[in-house]
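>>> Sequence first, then the predicted structure, then my questions.
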Amino acid sequence: MTTAGINVPIGKVTAAAATKLRVGSLTALVIGSMVGSGVFSLPQNMAAGAGPLAILIGWAITAVGMLALVFVYQSLATRKPALDAGPYAYAKAGFGPFIGFNSAWGYWISAWVGNVSYAVIVFSALSYFFPAFGDGNTWQAVLGASILLWLVHALVLAGIRQAAIVNVIVTVAKIAPIVLFVGVVAVAFKLDVWSLDFSGLGNADLGSITAQVKSTMMVTLWVFIGIESASVFSGRAEHRKDIAMATVLGFFTCLALYGLVSLLSLGILSQPELAALKNPSMAGVLEAVVGPWGAILINIALVVSVVGAFLSWTLLAAEIPHVAAKDGTMPKFFGQESERGVPSTSLLITNLLVQAFLVITLFAQSTYQALFYIASAAILVPYIFSGAYAAKLALTGESYKGGEQRGGPLFAGLLATVYGLWLVYAAGPAYLFMCAILYAPGIVFYVWARRETNQRVFHPAEAAVAAALVAAGVAAAYLIWNGSISPL
Ligand SMILES: NC(=[NH2+])NCCC[C@H](N)C(=O)O
């Protein structure tokens, strides 16, 4: 991860890093911005609801859908360079202020709920050394996570920016063990274990192939979140065209690593055995091959990787409402800055929410998986509207020169949108309802921002969407209260 997330104005972050980057380093940046916690739990997360065949199909769908999204952000970055505030700015330009607001709000929710999941998985990994941390949701773990949270808070307030050199070290420290894992597991791979139940249909718990594929979708989405920030690195590229190359290279490198981690693991332990592993499950798989040092290595790699990602996503999460406040999308108070230029109010609100969710985690006994499912589902609004905006530009011809080819971008935009809608379906009702609860309160802040800037609050269509959102939120709160759904 790097600080140069989508909403971080490039100049501010990179003033110090004036050296221009080539394809290699840019690719490392792209990979670094994607790899956080997800990969370390892939063996269990993927096998929990799917056999080898469905996992293969799941990666294939993800490859196509995510690549479409990559092209969407690339084409938007070149066509609408002025909108470099990221996904919400595209959604706003394409579909009006209310949709724009919800994209910013959703991206923000995803960022900070993702951080809650990070805190949980870090302590779940540490429980290998200190068993009291359990699955990262014991009181000891939540206490530890809270200390980590406010420590990071203090660092950010003090004006910390991730130095390029730290990024390089963290990226190497997290990628090297993953590559080692793939190598060791490839050698120990047993085809007969892998093909034991190729279709997964032998295990009645898994259900049809479609059901199995669906079960992998939030997981594969989660591991690629961060890819949208790649276009922001353009300011750091020596040649602008290098960034496109680096994004695609970074994408395929991660896809290969992710695919191999999840698929090769099925040749070490069977699907039911993987499904029963504790996360980070890469640790359990490597331990099965080489003994305890395998688990120790992976657990340490996870802590390094996720603490680094936690810092980056904290900076990014605080930056989102801050940037959105500047253009009137969010209330002005989110834009307040400390003397050091840190978006202190936004940071404080963000981390108070993380803290509140950590407490909820303790009482609801929430798992890492449930938390990152919420973060994945929440990001779909900005993703879908980015795809739709790219398609809209290609359809109307806006920002295209006469005779310029529009078929490719139109196809990518439509594909990304369809992929996003399929993910909404795959997320399932429990997580959609949970998102409704988190999105609905946003309306108050939207109204606030519109009043502050003396603008009309809702157009009729927007009012209808808002009303539907409130209704869904209320229904969701009721269903959770009476126990019909339990997304946590
Ligand atoms: N804190 C967050 N919102 N992180 C989102 C990025 C998730 C990242 N792809 C991972 O695997 O960890």
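Nice, thanks for sending it over.

>>> nearest residue to Val470 other than its sequence neighbours?
Ala440 (5.4 Å; C-beta to C-beta, 6 or more residues apart in numbering). To be clear about C-beta, it is placed using only N, CA and C from the backbone, and glycine gets the same treatment.

>>> Let me fix that, I meant to ask about Leu348.
Closest to Leu348 by C-beta to C-beta, 6+ apart is His153, at 7.8 Å.

>>> Correct me if wrong: that neighbour contacts Leu347.
Yes - His153 lies in contact with Leu347 (C-beta atoms under 8 Å); the separation is 6.8 Å.

>>> Between those two, tell me which one has more neighbours.
With neighbours defined as other C-beta atoms under 10 Å, His153 and Leu347 compare such that Leu347 has more, 24 against 20.

>>> And the more buried one, which helix or strand is it part of?
helix 344-364 (DSSP states H and E).

>>> Tell me which other helices or strands that helix touches.
Helices and strands touching helix 344-364, by 3 or more C-beta pairs under 8 Å, 6 or more residues apart in numbering; DSSP states H and E, are helix 97-126, helix 139-157, helix 292-326.

>>> after it comes which helix or strand?
Immediately after helix 344-364, counting by DSSP H and E, sits helix 368-378.

>>> roughly how far out does that following helix sit from the chain middle?
9 Å (C-alpha atoms, centre = their mean, to the nearest Å).

>>> What residues does the stretch 301-450 of the chain have near the ligand?
Taking C-beta under 6 Å from any ligand atom as the contact definition, the stretch 301-450 of the chain meets the ligand at 309, 313, 375.

>>> Report pLDDT for the second one.
Looking at Trp313, its pLDDT is 93.

>>> swap in the last one?
Ala375 carries a pLDDT score of 97 in this model.

>>> Report the secondary structure element holding Ala477.
helix 460-481.

>>> Centre of the chain to that helix, how far?
Distance of helix 460-481 from the chain centroid (C-alpha atoms, centre = their mean) equals 25 Å.

>>> which SS class is Gly403?
Under DSSP: H, G, I helix; E, B strand; the rest coil, Gly403 falls in the coil class.

>>> neighbours around it, how many?
Neighbours around Gly403, by other C-beta under 10 Å: 6.

>>> Next: Leu76.
Count around Leu76 with other C-beta under 10 Å applied: 28.

>>> which stretches of the stretch 101-250 of the chain have low pLDDT?
162-163, 231-235 (pLDDT under 70).

>>> Show me what residue of it gets nearest to the ligand.
Residue of the stretch 101-250 of the chain nearest the ligand, by C-beta to the nearest ligand atom: Gly114 (2.2 Å).

>>> Need the overlap of contacts for His153 and Leu347.
Thr314 (C-beta atoms under 8 Å, 6 or more residues apart in numbering).

>>> Pull out the buried positions in whichever strand or helix holds Val248.
Using DSSP H and E, Val248 sits within helix 240-265. By 16 or more other C-beta atoms under 10 Å, the buried positions in helix 240-265 come out as 242-244, 246-251, 253-255, 257-265.

>>> quick revisit: could you pull up the contacting residues of the residue nearest to Leu348?
Residues counted as contacts of His153 (C-beta under 8 Å, 6+ apart) are 314, 347-348, 351.

>>> which of those residues count as buried?
314, 347, 351.

>>> could I get these as TSV with distance to Ile379?
Converted to TSV, the buried ones among the contacts of His153 look like this (distance: C-beta to C-beta, whole Å):
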residue	distance to Ile379
Thr314	17
Leu347	20
Asn351	19
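
>>> and which of those residues is nearest Val185?
Nearest to Val185 among the buried ones among the contacts of His153, counting by C-beta to C-beta, is Thr314 at 32.6 Å.

>>> and the nearest residue to that closest one once chain neighbours are set aside, what is it in contact with?
Excluding its sequence neighbours, the residue lying closest to Thr314 (C-beta to C-beta, 6+ apart) is Val152, at 5.4 Å. Counting by C-beta under 8 Å, 6+ apart, Val152 touches 310-311, 314.

>>> ok, those vs Val35, which is closest?
The closest of these, once distances to Val35 are taken by C-beta to C-beta, is Phe310, at 13.1 Å.

>>> My guess is that closest one contacts Asn115. True?
Yes - Phe310 is within contact range of Asn115, at 6.0 Å (criterion: C-beta under 8 Å).

>>> Mind checking which of these two has more residues around it?
Using other C-beta under 10 Å as the criterion, Phe310 and Asn115 rank with Asn115 on top: 31 against 23.

>>> what residues are up against that one?
Applying C-beta under 8 Å, 6+ apart, the residues near Asn115 are 310, 313-314, 317, 354.

>>> Same list (those) but as JSON lines, adding distance to Val289.
Shown next, in JSON lines, are these (distance: C-beta to C-beta, whole Å):
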{"residue": "Phe310", "distance to Val289": "29"}
{"residue": "Trp313", "distance to Val289": "32"}
{"residue": "Thr314", "distance to Val289": "35"}
{"residue": "Ala317", "distance to Val289": "37"}
{"residue": "Val354", "distance to Val289": "36"}
